[in-house]
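> Predicted model and sequence below, questions to follow.
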Amino acid sequence: MTSNEDYKQRLLSLRKEYEKKIGAIDADVHHKNEPVEKDFAEQATQRENDDVLNALNEDAKVIVSQINSALHRIDTEEYGICMECGIDISKERLDAVPYATLCIECAEKAD
Ligand SMILES: [Zn+2]
């Protein structure tokens with residue numbers, strides 16, 4: 001059986017990974033002190049890349065906040081309980097998505 005302590009360790013290392021990712025993306029997006037002598041097409045491509053990076057960054061930030069709330073829920077012993085319907089979230093789901101706050105059925109309904 002996987003204990004909450006195991007999930008906590010997984011969540012903590014996952015959070016570290018995502019924070020590293022966010023830091024790397026921020027550095028990349030803000031790495032703008034290059035000469036702005038590119039032609040229009042290059043600038044457009046650059047902007048598209050930034051949009052993609054920003055979107056990835058937003059996703060990563062959302063996941064970090066979900067990880068934080070999962071960690072909080074471990075402390076308050078609500079971890080692994082669906083926030084919507086209150087049933088236990090399946091072990092398979094928690095193993096796949098340790099920061100899940102909804103059971104698979106509610107997650108599908110939310111989509
Ligand atoms: Zn549910």
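Arrived safely. Worth saying up front: this structure is predicted, and the values here are computed from it rather than measured.
> and the spatially closest residue to I104 that is not a sequence neighbour, what is it in contact with?
Leaving out its chain neighbours, the residue that sits closest to I104 by C-beta to C-beta, 6 or more residues apart in numbering is R93, at 5.6 Å. No exception for glycine: its C-beta is placed from N, CA and C like everyone else's. R93 sits next to 100, 103-104 when contact means C-beta atoms under 8 Å, 6 or more residues apart in numbering.
> give the contact list for the residue positioned nearest the centre of the chain.
The centroid of the chain falls nearest to I63 when counting by C-alpha atoms, centre = their mean (1.9 Å). Shown in contact with I63 (C-beta under 8 Å, 6+ apart): 18, 99.
> With the one 10 residues further on instead?
Applying C-beta under 8 Å, 6+ apart, we find R73 in contact with 79-81, 101.
> Of the residues you listed, just the buried ones, PyMOL syntax please.
To isolate the buried members of those in PyMOL, using 16 or more other C-beta atoms under 10 Å:
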select buried, resi 79+80+101
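> for the contacts of R73, which one is nearest A41?
A41 has its nearest neighbour among the contacts of R73 in T101, at 43.4 Å by C-beta to C-beta.
> which residue ranges form the helices in the protein?
With DSSP state H as the criterion, the chain has helices at 4-29, 40-75, 91-96, 104-110.
> So what's the residue count around the nearest residue to E105 once chain neighbours are set aside?
In this structure, E105 finds its nearest non-sequential neighbour in C85, 7.4 Å apart by C-beta to C-beta, 6+ apart. Neighbourhood size, C85 [other C-beta atoms under 10 Å]: 11.
> returning to what we had before: a markdown table for the helices of the chain, including mean pLDDT?
As requested, the helices of the chain are exported to a markdown table (pLDDT from 0 to 100):
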| stretch | mean pLDDT |
| --- | --- |
| helix 4-29 | 93 |
| helix 40-75 | 92 |
| helix 91-96 | 95 |
| helix 104-110 | 93 |
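> need those in TSV with distance to the ion, can you?
Listed next are those as TSV, based on distance: least, C-beta to the ion, whole Å:
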stretch	distance to the ion
helix 4-29	18
helix 40-75	14
helix 91-96	10
helix 104-110	3
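> R10 versus S3, what's the distance?
As for S3, its distance to R10 is 11 Å (criterion: C-beta to C-beta, to the nearest Å).
> Sounds good, over and out.
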